[in-house]
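Asker: kindly return the folded structure for what I paste below:
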Amino acid sequence: MAFDNLSKYLTAIEAEMKAAMAVSEETLAPYYGMMFYHLGWADESFSPREQKSGKRVRPLLCLLSCQACGGDWQQALPAAAAVELIHNFSLIHDDIEDGSLERRHRPTLWSIWGQAQAINAGDGLFVVGRLALQRLLELGVSPAKAVLAFGTVDDTCLSLTEGQYLDLAFEEQEDVTVEMYMQMISKKTAALIACATHLGALLGTESEEAVQHYGTFGRQLGLAFQIVDDILGIWGEEETTGKGVGEDIVNRKKSLPVVYALQKGDRELREIYSQESISPREVQMVMEKLDSLGAREYVHQMATQHWQLALDTLEKTGIRNPAQDRLRELALFLVERQY
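Answerer: Residues are numbered from 1 along each chain as shown. So this is what the prediction gives:
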């Protein structure tokens with residue numbers, strides 16, 4: 001899907017995020033500069049950068065959900081900005097915890113400025129994200145709805161940390177099942193996408209049923225999104241993903257293809273994953289095992305299943321308008337993407 005027809009939303013999202021991050025003191029410019037770097041707005045010397053800064057999928061889902069429900073998407077901009085800023089706080093911390101040296105074809109924040117300052121910058125983005133929500137009141141959102149929005153975001157942030165805990169714990173845990181894995185990504189990935197669509201609907205309609213449908217749509221789409229990420233983390237092309245082929249295997253990540261294959265009881269695969277490190281030759285062996293056990297077909301089917309459940313839930317709203325159509329297009333892009 002081309003993002004050209006979404007340019008007005010993307011421009012407004014970037015402006016809202018930047019407005020939430022005004023630098024108050026010159027001595028703090030490098031502190032915010034690290035955040036700008038991570039968000040794609042600056043280079044390593046903190047000079048402005050005009051290149052693409054990520055897909056901004058979550059805030060787009062928020063604004064389109066609001067508009068589809070009949071609301072004013074511009075009124076939902078603080079929520080969209082908050083979701084994206086909080087997402088990026090989690091990415092900064094994830095990169096530290098995973099030891100990732102690159103993100104979006106660039107060095108990660110911690111690999112340039114060190115773990116301590118990266119943690120600080122991540123914490124800062126988290127707080128800026130919550131502060132961004134306060135502008136809902138300035139745009140005429142009722143205090144009651146603003147309180148609900150804050151509660152939704154806080155619940156989601158707790159889910160994110162719970163999911164990250166489980167993800168890290170699974171690295172050392174031998175018997176991780178598909179069911180356990182799905183619970184983990186429901187918290188780590190799907191919760192924030194569900195938060196985006198829930199917030200958009202909350203700000204766009206008075207119908208509690210509609211808000212629930214859009215939240216469920218986001219959760220199912222989030223599950224499909226993460227499963228596609230798992231596919232790309234093993235079989236994606238380095239030129240488009242920014243990751244080496246099989247990088248998730250090198251990092252001993254128990255993504256869904258691996259969890260599915262391990263659950264099949266393959267002894268050799270289990271022995272490889274129990275080692276401290278995995279060699280390039282063993283990465284190839286793991287990939288061959290995954291192919292022979294049908295792991296790629298299984299996870300592709302799972303992604304398609306959750307994508308279809310997302311669309312089915314969207315259909316239950318009974319809404320027909322251009323914003324709803326764009327939500328469907330965006331959902332299709334997220335499961336067909338190659339990066």
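Asker: what residues of stretch 165-183 count as buried?
Answerer: Using 16 or more other CB atoms under 10 Å as the test for burial, stretch 165-183 gives 166, 167, 170, 176, 180, 181, 182. Any C-beta I mention is one placed from the backbone N, CA and C, and that applies to glycine too.
Asker: tabulate those residues in JSON lines, adding columns for distance to residue 306 and secondary structure.
Answerer: Listed next are the buried residues of stretch 165-183 as JSON lines, based on distance: CB to CB, whole Å; DSSP: H, G, I helix; E, B strand; the rest coil:
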{"residue": "166", "distance to residue 306": "19", "secondary structure": "helix"}
{"residue": "167", "distance to residue 306": "18", "secondary structure": "helix"}
{"residue": "170", "distance to residue 306": "20", "secondary structure": "helix"}
{"residue": "176", "distance to residue 306": "19", "secondary structure": "coil"}
{"residue": "180", "distance to residue 306": "17", "secondary structure": "helix"}
{"residue": "181", "distance to residue 306": "13", "secondary structure": "helix"}
{"residue": "182", "distance to residue 306": "9", "secondary structure": "helix"}
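Asker: could you dump those to CSV with distance to residue 80 and pLDDT?
Answerer: Below are those laid out as CSV (distance: CB to CB, whole Å; pLDDT from 0 to 100):
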residue, distance to residue 80, pLDDT
166, 27, 95
167, 26, 92
170, 31, 90
176, 34, 92
180, 32, 97
181, 29, 97
182, 27, 97
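Asker: and residue 272, what is it in contact with?
Answerer: 278, 282, 285, 286 (CB atoms under 8 Å, 6 or more residues apart in numbering).
Asker: the first one: helix or strand, and which one exactly?
Answerer: This points to residue 278. Using DSSP states H and E, residue 278 sits in no helix or strand.
Asker: ok, it touching residue 253?
Answerer: No: using CB atoms under 8 Å, residue 278 is not in contact with residue 253; the gap is 10.6 Å.
Asker: how about stretch 328-339: buried residues?
Answerer: Under the neighbour-count criterion of 16+ other CB under 10 Å, stretch 328-339 has 330, 331, 334, 335, 337 buried.
Asker: chain center to it, what's the gap?
Answerer: Stretch 328-339 sits 13 Å away from the centroid of its parent chain (CA atoms, centre = their mean, to the nearest Å).
Asker: okay, the buried residues of stretch 328-339 in TSV with distance to residue 104 next?
Answerer: Compiled in TSV, the buried residues of stretch 328-339 are given as follows (distance: CB to CB, whole Å):
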residue	distance to residue 104
330	19
331	22
334	17
335	20
337	14
